[in-house]
Every structure is written in structure tokens, then in C-alpha cells.
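Novice: What follows is a predicted protein model with its sequence.
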Amino acid sequence: NAGVTQTPKFQVLKTGQSMTLQCAQDMNHEYMSWYRQDPGMGLRLIHYSVGAGITDQGEVPNGYNVSRSTTEDFPLRLLSAAPSQTSVYFCASSYTTSQPQHFGDGTRLSIL
Amino acid sequence: GENVEQHPSTLSVQEGDSAVIKCTYSDSASNYFPWYKQELGKRPQLIIDIRSNVGEKKDQRIAVTLNKTAKHFSLHITETQPEDSAVYFCAAPNSGYALNFGKGTSLLVTP
């Protein structure tokens, strides 16, 4: 039981490049979400999903896309990277929003 | 998060003293209130949570209280120790299934 696995752990991109942050969980959780963490800003919700085929926007969705084709995977896509997207990204999962969230180890992303 | 406010942003206490962190939420439909601890460079981890049908919950040195009428909940840490130093986050779900977090409180416990 690996929990929530995020890849890569670190990534450096140039402005305008695109990339996908991977997130996978093996706990059969229906609810999955992506947060970005910036100093002094806490954890801000980017996108979330309540089950396969269902996604919705959080507080800061602009510049990001998500899909949920399976229960296990919830990738986050940066369409055209901008320096303002430099951050630490956390994926989390749970059975519902009213259950403890299990976080991955995070992806530290730098955009030059 | 847009509907969760957390105070203070920083808190410094001496070892053995108590620490209190407060959060307010705006969505009256919120029914679950967790607290997470994040050590430097690590992932957030749940330390305690409370549901809307309970007013208080304790787990050894930590406790959470909930006032649904006033829409606020608090984390209480007693007999603080240096290893309690970390960033603490509160969270609350809204009626649209989003879980929003407060901006965090950086707690420093000095020996």
C-alpha cells in the first residue's frame, strides 16, 4: 500500500513549456485534489474530483487542466508554464471531503 | 482558502506553555473540521479532526473545539514541546465538495 504517489519530486521548466504532474493512489479513494503551496498563502485548491469522469475547479484553476479517467490517477497539466506557477504542488485523496486527506510528498516546480 | 480564515499567522510560545490557533468558516453546510501539521519540507499530516455533531475532542495534548453558531473552531496544544514546532493548517469543506484550507500558523516552541 503505497498511499499517494506524486511524480516527479522536482522539476525545472522554461516559460511556455507544458508538463504533466502525476498523482496516483492505491486506496480506492473517490475524492482527489490538487493544491499549490506558496509562502504565506497556505494550501490553495486548484482542481478536485469526486470520482472517475468528474472534475471541478477550485480556488485557483487558471493555467491548469485535470482529468480523471480512472479512480487511481489524477494528473495535473500545466498548459503553458509561467513564472507565477513556481510552487510546491500537493496531491491529496480521501473517501470524501469529510474524511482525512492523504497527501503525497509534493512536487517542487520552478519555472524560469 | 476563500471561506476559511486562520489566526494567528505566527505564534511563539515557551516550552510547557499552551498554544491556541483559531479558524473561522463561512459555509454553514460545513460538517467536518480537520487540523493538519506540516513540518519543514514534509507533507501535511492530519493530527485531529472534529465533526459538526461534537463540541470538543481531545487526543492526549491536543484538543479541538467547535462553535457552530459562531462558525469557528480552535486547536489547543497543551504542555508544548519543541517537536510541536511546525506549520498548522485548519480546513473546512464547502457545500460544493471543495476542501479549503486556512493560510496556516507557524508555531515556534522555544526551550
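Specialist: Great, that's in hand.

Novice: Grab the nearest non-local neighbour of B:Tyr25.
Specialist: Spatially, and ignoring its direct neighbours in sequence, B:Tyr25 is nearest to B:Ala92 (4.2 Å; CB to CB, 6 or more residues apart in numbering or on different chains). From N, CA and C alone the C-beta is placed, and that goes for glycine too.

Novice: so which helix or strand takes in the one you found?
Specialist: Using DSSP states H and E, B:Ala92 maps to strand B:86-93.

Novice: The next helix or strand after that strand pairs with which strands?
Specialist: Moving toward the C-terminus from strand B:86-93, the next helix or strand (DSSP H and E) is strand B:99-101. Using DSSP bridges, strand B:99-101 pairs in its sheet with strand B:86-93 (antiparallel).

Novice: Chain B: strands as residue ranges?
Specialist: B:4-7, B:10-14, B:19-25, B:32-38, B:45-51, B:56-59, B:62-67, B:72-77, B:86-93, B:99-101, B:105-110 (DSSP state E).

Novice: nope, chain A is what I was after
Specialist: Counting by DSSP E, chain A has these strands, from start to end: A:4-7, A:10-13, A:19-25, A:31-38, A:42-51, A:54-57, A:64-66, A:76-78, A:87-94, A:102-103, A:107-111.

Novice: Could you provide the ones you listed in CSV, with additional columns for distance to B:Ile62?
Specialist: As requested, those are exported to CSV (distance: least, CB to CB, whole Å):
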stretch, distance to B:Ile62
strand A:4-7, 24
strand A:10-13, 33
strand A:19-25, 27
strand A:31-38, 23
strand A:42-51, 20
strand A:54-57, 32
strand A:64-66, 34
strand A:76-78, 32
strand A:87-94, 21
strand A:102-103, 19
strand A:107-111, 29
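
Novice: export the ones you listed to a markdown table and tack on distance to B:Pro82 and mean neighbour count?
Specialist: Listed next are those as a markdown table, based on distance: least, CB to CB, whole Å; neighbours: other CB atoms under 10 Å in any protein chain shown:
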| stretch | distance to B:Pro82 | mean neighbour count |
| --- | --- | --- |
| strand A:4-7 | 29 | 18 |
| strand A:10-13 | 29 | 14 |
| strand A:19-25 | 33 | 19 |
| strand A:31-38 | 24 | 24 |
| strand A:42-51 | 24 | 22 |
| strand A:54-57 | 40 | 15 |
| strand A:64-66 | 38 | 19 |
| strand A:76-78 | 36 | 18 |
| strand A:87-94 | 25 | 23 |
| strand A:102-103 | 24 | 22 |
| strand A:107-111 | 26 | 18 |
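
Novice: Among these, single out whichever gets nearest to B:Glu15.
Specialist: Evaluated with CB to CB, these place strand A:42-51 nearest to B:Glu15, the distance being 26.3 Å.

Novice: quick one, what contacts the residue nearest the centre of chain A?
Specialist: Against the mean C-alpha coordinate of chain A, by CA atoms, centre = their mean, the closest residue is A:Trp34 at 3.1 Å. Residues in contact with A:Trp34 (CB atoms under 8 Å, 6 or more residues apart in numbering or on different chains) are A:21, A:23, A:45-48, A:58, A:64, A:66, A:74, A:76, A:89-92.

Novice: Tell me the bridge partners for it.
Specialist: A:His47, A:Cys91.

Novice: How much space separates it from chain B?
Specialist: 12 Å (CB to the nearest CB, to the nearest Å).

Novice: just the residues of chain B that are near chain A, which are they?
Specialist: With CB under 8 Å from any CB of the partner chain as the criterion, chain B meets chain A at residues B:1-2, B:6, B:9, B:31-32, B:34, B:36, B:42-46, B:49, B:51, B:89, B:91, B:93, B:96-104.
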